[in-house]
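1. coordinates only, sequence not included:
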């Protein structure tokens, strides 16, 4: 039987073997949720970029650049980090360059060895679970965390994905066992429980409750987000 | 209000400020449980030692040496790592030198800055909670983990301690929030839940179910284990 594991912080990734695995990168507030919103609304691709300057440099090559600092759209950037900006196919067909520190770091640390890198988000939880179930690979869920620490929203998503896959994958990974239980005992009140999270509180201070609500909505989209070369692209699940 | 945090692995300890805090080191299977059994059964002190050789070298100075490799008492050692060996005051009055890789590492990483270092174990959970409640310091619970990874038994103890102290301490630490919930939703079936843990499975392979049962028994002892200089000693809670 295939195996599923969870790494709760990019700072622990060296303890895991990523070779040949399908790696799911999770950064619920808001990088991976925003990326899924963008892909579901027709953007051609998303190139994740570590810092603002490198992202800005991609603008002359025709990329729409997305980035934020301290809760505000960065100077000279067309988009911030809100998933809502991509709705109604607002950027359909465009190539996006997006800064995301934690998410990009997580991708950089795993992309050499992994079989595939996927985006983990509540908005397409079941589609990702279905995709992974149909593959032959072991799974490693990598939580982007917050400045290296364990974070509640990414951990709950990891638990939700393990919960959705536990009939098809075995685990001897303690964080997978713990987070599955954590998700299952709080799934009926996810929003309230996550209201305690340190990162949600920081986001609330920026008046982006609508973003938080969006990021915690389950299964809005039936597509998967995959890394292809340096770009994140959509894989349609319909017809499966 | 004072603050409580949980660090789920010694490999993440650099992300936490330990200065002036009461740090609770947790290594349920079996280092901190065995240490509490020893202290409750009258040993004079326990000196934690990283490796077998350094521990063996303390024998000529009058220490009883305790150490294990691959589930067996190490060659030339009087004791293994089982808490049961210390019952009935079998080593009362003796000074013990004990090897414990994960636990010693956790102590070494925090002892410079911490206000106090305590031993965390289910066998004296409420005594430790009461001691910490009566102090003025913030708390950091440091799980020794397993080879750097998140581990289930240490995390559940951390959640149990947060649960016992949550009326007296606030937290904006996501791992504290998550593990409190994990403990509270599994406290009625701790043994069954922990039966899934990777480390418990490894221990079961060594036929030490009796040790596991002991380590998961709550509140056998009403003393606290504290680091004093290089030695761990007992602090009696009775009369408080």
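-> That came in fine, so what should we check first? As the structure is a computational prediction, the values presented were derived from the model and not from experiment.
2. got a list of what the residue most central in space within chain A touches?
-> Nearest residue to the geometric centre of chain A (CA atoms, centre = their mean): residue A:32, 2.9 Å. Counting by CB atoms under 8 Å, 6 or more residues apart in numbering or on different chains, residue A:32 touches A:25, A:26, A:103, A:119, A:120, A:121, A:144, A:225. Where you see a C-beta, it was placed from the backbone N, CA and C, and this is true even at glycine.
3. just residue A:58 next, same as before
-> A:47, A:49, A:65, A:97.
4. do residue A:109 as well
-> Counted by CB under 8 Å, 6+ apart, residue A:109 has contacts A:10, A:13, A:142.
5. Of those residues, grab the buried ones for PyMOL.
-> Per 16 or more other CB atoms under 10 Å in any protein chain shown, the buried members of the contacts of residue A:109 correspond to this PyMOL selection:
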select buried, chain A and resi 10+13+142
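6. can you tell me which of the contacts of residue A:109 are in helices?
-> Using DSSP state H, no member of these falls within helices.
7. In JSON lines: the contacts of residue A:109, plus pLDDT and distance to chain B.
-> Output for the contacts of residue A:109, formatted as JSON lines (pLDDT from 0 to 100; distance: CB to the nearest CB, whole Å):
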{"residue": "A:10", "pLDDT": "94", "distance to chain B": "11"}
{"residue": "A:13", "pLDDT": "96", "distance to chain B": "11"}
{"residue": "A:142", "pLDDT": "98", "distance to chain B": "13"}
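8. Now flag whichever of the contacts of residue A:109 is closest to residue A:215.
-> Distances from residue A:215 to those, taken as CB to CB, are shortest for residue A:142 (17.7 Å).
9. correct me, but that closest one touches residue A:27?
-> No: Residue A:142 lies out of contact with residue A:27 (CB atoms under 8 Å); the separation is 9.6 Å.
10. Please enumerate the shared neighbours of the two.
-> Common neighbours of residue A:142 and residue A:27, counting by CB under 8 Å, 6+ apart, are residue A:106.
11. surely residue A:29 meets residue A:153?
-> Yes: using CB under 8 Å, residue A:29 makes contact with residue A:153 at a distance of 5.5 Å.
12. Look at those two and report which has more neighbours.
-> residue A:153 (29 against 26; other CB atoms under 10 Å in any protein chain shown).
13. ok, the more buried one - contacts?
-> Contacts of residue A:153 (CB under 8 Å, 6+ apart): A:28, A:29, A:194, A:197, A:199, A:200, A:215, A:216.
14. Quick check: of the contacts of residue A:32, which has the highest neighbour count?
-> Ranked by neighbour count (other CB under 10 Å), these have residue A:25 at the top, with 34 neighbours.
15. what pLDDT does the residue lying closest to it once chain neighbours are set aside get?
-> Leaving out its chain neighbours, the residue that sits closest to residue A:25 by CB to CB, 6 or more residues apart in numbering or on different chains is residue A:106, at 4.7 Å. Note for residue A:106: predicted pLDDT of 88.
16. any idea how far residue B:56 is from the closest residue to residue A:179 other than its chain neighbours?
-> The shortest distance from residue A:179 to any non-neighbouring residue, by CB to CB, 6+ apart, is to residue A:159 (3.4 Å). Separation of residue A:159 from residue B:56 (CB to CB, to the nearest Å): 44 Å.
17. Tell me which of those two has more neighbours.
-> A direct count of neighbours by other CB under 10 Å for residue A:159 and residue B:56 places residue A:159 higher, at 27 against 19.
18. Now the phi/psi pair for the more buried one, please.
-> With angles defined as degrees, to the nearest 10, residue A:159 sits at phi -60, psi -40.
19. quick one, what contacts it?
-> Residue A:159 makes contacts with A:6, A:178, A:179, A:180, A:181, A:182, A:183, A:184, as judged by CB under 8 Å, 6+ apart.
20. Can you point out the buried residues in stretch A:127-143?
-> In stretch A:127-143, counting by 16+ other CB under 10 Å, buried: A:127, A:128, A:129, A:130, A:131, A:132, A:138, A:139, A:140, A:141, A:142, A:143.
21. ok, these vs chain B, which is closest?
-> residue A:143 (10.5 Å; CB to the nearest CB).
22. In space, what's closest to that closest one - neighbours in sequence excluded?
-> residue A:154 (3.7 Å).
23. Quick check: the gap between that neighbour and residue A:103.
-> Residue A:154 sits 10 Å away from residue A:103, going by CB to CB.
24. Can you check which residues contact both of those two?
-> With CB under 8 Å, 6+ apart, residue A:154 and residue A:103 have common neighbours A:27, A:144.
25. coming back round to it: list the residues that contact the residue nearest to residue A:143.
-> Residue A:154 makes contact with A:8, A:26, A:27, A:28, A:143, A:144, A:145, according to CB under 8 Å, 6+ apart.
26. can you give me the strands in chain A?
-> Per DSSP state E, chain A carries strands over the ranges A:2-7, A:22-26, A:45-49, A:64-66, A:68-69, A:72-73, A:95-99, A:116-120, A:139-143, A:169-170, A:223-228, A:231-236.
27. To residue B:220, which of those lies closest?
-> When the strands of chain A are compared by CB to CB, strand A:2-7 sits nearest residue B:220, at 32.8 Å.
28. so the closest one versus strand A:139-143, what angle?
-> Orientation of strand A:2-7 against strand A:139-143 (axes from the mean of the first three to the mean of the last three CA atoms, to 10 degrees) gives an angle of 10 degrees.
29. tilt between strand A:2-7 and strand A:22-26?
-> 30 degrees.
30. elements contacting strand A:2-7?
-> In terms of contacts (3 or more CB pairs under 8 Å, 6 or more residues apart in numbering or on different chains; DSSP states H and E), strand A:2-7 is packed against strand A:139-143, helix A:152-165, strand A:169-170, helix A:174-186.
31. and the third one, which strands flank it?
-> Pointing back at strand A:169-170 there. According to DSSP bridges, strand A:169-170 has the following sheet partners: strand A:2-7 (parallel).
32. circling back: which of the contacts of residue A:32 sits closest to chain B?
-> The closest of the contacts of residue A:32 to chain B turns out to be residue A:144 (CB to the nearest CB; 12.8 Å).
33. Point out where chain A drops to low pLDDT.
-> A:200, A:202-207, A:238-240 (pLDDT under 70).
34. can you list the residues of it near chain B?
-> Counting by CB under 8 Å from any CB of the partner chain, the residues of chain A close to chain B are A:8-9, A:11-12, A:15, A:146-152, A:155, A:172-175, A:177-178, A:181-182, A:185-186, A:193, A:196-199, A:201.
35. The residues you listed, buried ones only, as a ChimeraX selection?
-> In ChimeraX syntax, the buried subset of the residues of chain A next to chain B is picked out as below (16+ other CB under 10 Å):
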select /A:8,9,11,12,146,148,149,150,151,152,155,173,174,175,177,178,181,182,185,186,193,196,197,198,199
